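Trainee: Mind folding the following:
(one chain, ligands or ions: 1)
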Amino acid sequence: CQGGGPGNPAAQTSYIHGMPAWVLEDFCQKMDCLNDYDWMRFASYVIIDQTELRKIKCMEKTGISITRELMWWWGVRLATVEQLLELLQKLQLFRAAQVILDWRSISNNNNDPAIALLEPPKQETVSLHPMENKCKTVENGIGPSPSPDSTNPCSSSTPRQEMTTELPSGSLLWAPREVIDATNGFREENRIDEGVFANVYRGQRHNTMYVVKRLKEVECTNPNLKQRFFHTEVQICFRCCHHNILQLLGFSIESGFHCLIYPYMLNGSLEDRLQCQGGSDQLTWEKRISISIGLIRAIQHLHHFGILHGNVKSSNVLLDENFTPKLGHSGLRLCPAEKKSEYAVMKTKVLQASLAYLPEDVIRHGQLTEKVDLFGCGIVLAEMLTGLKAMDERRHPIFLKDLITDEIQIAKALFCCKDRAFEKLAAKEICCKYLDRKVGQLPADTAICFATAVCLSLRKKNPDIAEVYAVMEMAECQVRNGSFNNAPEETDDETASPTNDGYSGGNSEIGAMANLPPPLIRVLPPEMCCGPMSRLPCESDESSNFAWDPTEGSACLPQSNSCTDPENALPSDSRRDDKVDSGKRCGHQHKGRGENVKYMALYLCLAMASRTQFGNHSSNTSNSLQGDWVKGG
Ligand SMILES: Nc1ncnc2c1ncn2[C@@H]1O[C@H](COP(=O)(O)OP(=O)(O)OP(=O)(O)O)[C@@H](O)[C@H]1O
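Mentor: Now for the predicted structure:
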């Protein structure tokens with residue numbers, strides 16, 4: 001907003017979206033006071049599509065300023081202030097026009113022809129009767145006559161009261177009775193789940209399945225909070241019409257219950273499908289990649305409209321019958337939680353539920369930015385890539401985000417800080433160690449693309465969703481163009497050779513990845529596997545090159561062989577069970593992140609040795625280190 005305040009010049013601002021907030025506020029107030037007829041008449045010039053218009057009009061029931069919504073709709077379509085003034089003039093809505101004129105006059109920009117055309121009214125009185133208003137102004141000669149179209153109410157002697165507050169049938173506003181009928185009176189059998197803020201019920205109406213989210217009574221001192229949450233949710237839903245965003249089909253706000261009605265997504269949540277809840281099949285790699293792309297698109301769309309989601313997590317990604325992802329939403333995250341104490345309870349709940357998807361700084365400062373959504377998206381992508389839960393109390397570390405960020409940190413420490421290539425290295429490491437082996441084979445370059453997208457999403461500084469999208473698109477392209485076996489692998493004896501493993505990617509980004517040194521873990525001595533860094537895979541055969549084997553998912557196998565502790569010998573099929581738990585099996589509790597740092601220096605040395613091996617380092621120390629390690633291994 002260029003205006004910013006009443007004293008600021010506004011001459012350059014010609015788009016509606018550039019109007020200062022105080023002007024818009026005043027304008028909306030004036031417009032919202034209009035009777036239905038006048039308002040609808042104005043709105044129908046702005047939005048021709050009746051469905052769109054109905055959606056906005058519907059929001060009036062929730063207490064939202066419908067003019068603001070209308071202006072938003074028009075504003076994002078780059079409507080100009082001149083167009084708005086012209087329309088106001090045509091419809092003789094002088095009070096509202098005056099607000100804009102006053103603002104424009106501050107900037108001494110009265111040369112504008114659109115403004116010159118519009119004479120402010122001398123005595124405008126707003127009648128509750130639509131016709132009265134219209135005819136009076138014309139009779140008084142205030143302003144030019146509206147265009148003589150057939151719908152002009154003043155052209156007819158009989159006032160037409162076609163505008164009513166009643167919505168056409170199929171309204172988004174459900175009567176409480178309809179909601180109760182659809183959910184069998186909110187019967188327990190219809191309840192799908194209990195979210196943090198709402199109970200979720202399955203419902204049926206006219207042979208269509210719905211999901212009814214009934215908001216819980218929130219333990220909060222502010223009675224308006226629920227109302228506000230509801231409004232935000234409705235606002236987001238109406239503003240965000242996108243293939244990958246869950247559509248709001250209706251709402252009900254009467255009789256003490258607030259319900260939001262959505263389409264029923266046949267395949268439930270992504271979280272449930274990744275964990276094969278109810279015995280569902282594993283999601284194939286194709287599906288996982290296309291879900292990732294859909295999710296990124298949804299977030300991009302929201303951000304494009306200036307909306308932050310704040311609650312991106314796999315349980316909020318719903319899958320329809322074709323496994324098309326639909327991002328569900330929770331407007332609560334839009335509450336300025338840091339400001340008011342009454343949000344405290346909710347804030348705590350939000351954090352508890354979403355810790356696994358939030359970056360550290362947000363947990364500490366509670367500031368919601370676009371970065372937060374991308375971070376959450378990155379964790380969802382990581383869940384799909386690894387098949388690991390975002391939070392697992394039986395695992396160390398509990399949070400998947402820590403697992404991934406540790407890898408990124410380690411890779412970052414190895415490279416010069418400014419070198420972006422560390423993300424590619426981290427991606428490779430992540431694939432080696434944590435790629436979901438239950439799903440079947442995934443070409444190495446595709447897997448690394450996937451993992452790179454995860455790393456890019458978790459960037460601390462300037463993460464770029466477009467970059468994440470581009471990398472995932474690359475992965476999708478590879479999947480579409482190449483054929484690979486997606487069936488879960490039964491045996492683990494097929495090891496890809498470096499020549500046919502997909503690393504020869506030519507000039508592409510993937511090709512660039514191919515030039516990276518193989519995972520650093522290959523130079524770890526076996527005893528390290530049982531040491532505090534036992535979470536890092538190790539390789540017992542020092543003479544072998546790194547060979548990508550998606551069926552194994554790790555270059556360090558067989559882990560049991562390389563451990564000096566015989567108790568750690570695991571049957572091959574139980575190895576993957578919980579890779580991150582391997583330290584425990586080795587008789588060592590996995591160390592916390594702080595402890596990891598202690599070993600970072602050691603790991604760094606190893607890494608330097610590895611880089612030397614690939615011609616990146618010429619230090620003697622490193623050379624000798626490398627020699628020692630390789631010999632030692
Ligand atoms: N439209 C839908 N179709 C099918 N299942 C749904 C739908 N919406 C929600 N669910 C199911 O209900 C669960 C709970 O949804 P809900 O969005 O209320 O809670 P949540 O995402 O776990 O938490 P939060 O309240 O923080 O968003 C989902 O994980 C999903 O399994």
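
Trainee: Test my guess that Ser269 contacts Asp320.
Mentor: No. With contact defined as Cβ atoms under 8 Å, Ser269 does not reach Asp320; the gap is 11.7 Å. Where C-beta positions appear, they are placed from N, C-alpha and C, glycine not excepted.

Trainee: the more surrounded of those two?
Mentor: More neighbours surround Ser269 than the other of Ser269 and Asp320, with 21 against 14 (other Cβ atoms under 10 Å).

Trainee: and the more buried one, how far is that from the ligand?
Mentor: 4 Å (Cβ to the nearest ligand atom, to the nearest Å).

Trainee: residues contacting the residue of the stretch 401-550 of the chain found nearest the ligand?
Mentor: Ranking the residues of the stretch 401-550 of the chain by distance to the ligand (Cβ to the nearest ligand atom) places Lys401 first, at 17.0 Å. The neighbourhood of Lys401, defined by Cβ atoms under 8 Å, 6 or more residues apart in numbering, consists of Ala356, Tyr357, Pro359, Phe375, Ile379, Ala382, Ala390, Leu458.

Trainee: Let's see if you can find the most crowded of these.
Mentor: For those, neighbours tallied by other Cβ under 10 Å; top is Tyr357, 28 neighbours.

Trainee: Check which element follows whichever strand or helix holds the residue of the stretch 401-550 of the chain closest to the ligand along the chain.
Mentor: Assigned by DSSP states H and E, Lys401 belongs to helix 400-414. Under the assignment DSSP H and E, the closest C-terminal helix or strand after helix 400-414 is helix 421-434.

Trainee: Past that following helix, which element shows up next along the chain?
Mentor: helix 444-457.

Trainee: least confident pick among the contacts of Lys401?
Mentor: Note: of the contacts of Lys401, the lowest pLDDT belongs to Pro359, at 87.

Trainee: what's near enough to touch that residue?
Mentor: Contacts of Pro359 (Cβ under 8 Å, 6+ apart): Lys371, Val372, Phe375, Lys401, Leu458, Lys460.

Trainee: Pick the one among those residues closest to Ile180.
Mentor: Val372 (36.9 Å; Cβ to Cβ).

Trainee: So is the host helix or strand of the closest one next to the ligand?
Mentor: Using DSSP H and E, Val372 maps to helix 370-386. No. Helix 370-386 is not in contact with the ligand by Cβ under 6 Å from any ligand atom; minimum separation 11.4 Å.

Trainee: other SSEs contacting that helix?
Mentor: Here helix 370-386 touches helix 270-274, helix 285-304, helix 400-414, helix 421-434, helix 444-457, helix 465-481, going by 3 or more Cβ pairs under 8 Å, 6 or more residues apart in numbering; DSSP states H and E.

Trainee: ranking these by burial, who's on top?
Mentor: With neighbours taken as mean count of other Cβ atoms under 10 Å, these reach their highest mean count in helix 444-457, at a mean of 28.

Trainee: just to revisit the earlier point, Ala175: which of the contacts of Lys401 is nearest?
Mentor: Tyr357 (36.3 Å).

Trainee: separation between Gly387 and the ligand?
Mentor: For Gly387, the distance to the ligand - Cβ to the nearest ligand atom - is 18 Å.

Trainee: Please name the nearest non-neighbouring residue to that residue.
Mentor: Asp436 (3.3 Å; Cβ to Cβ, 6 or more residues apart in numbering).
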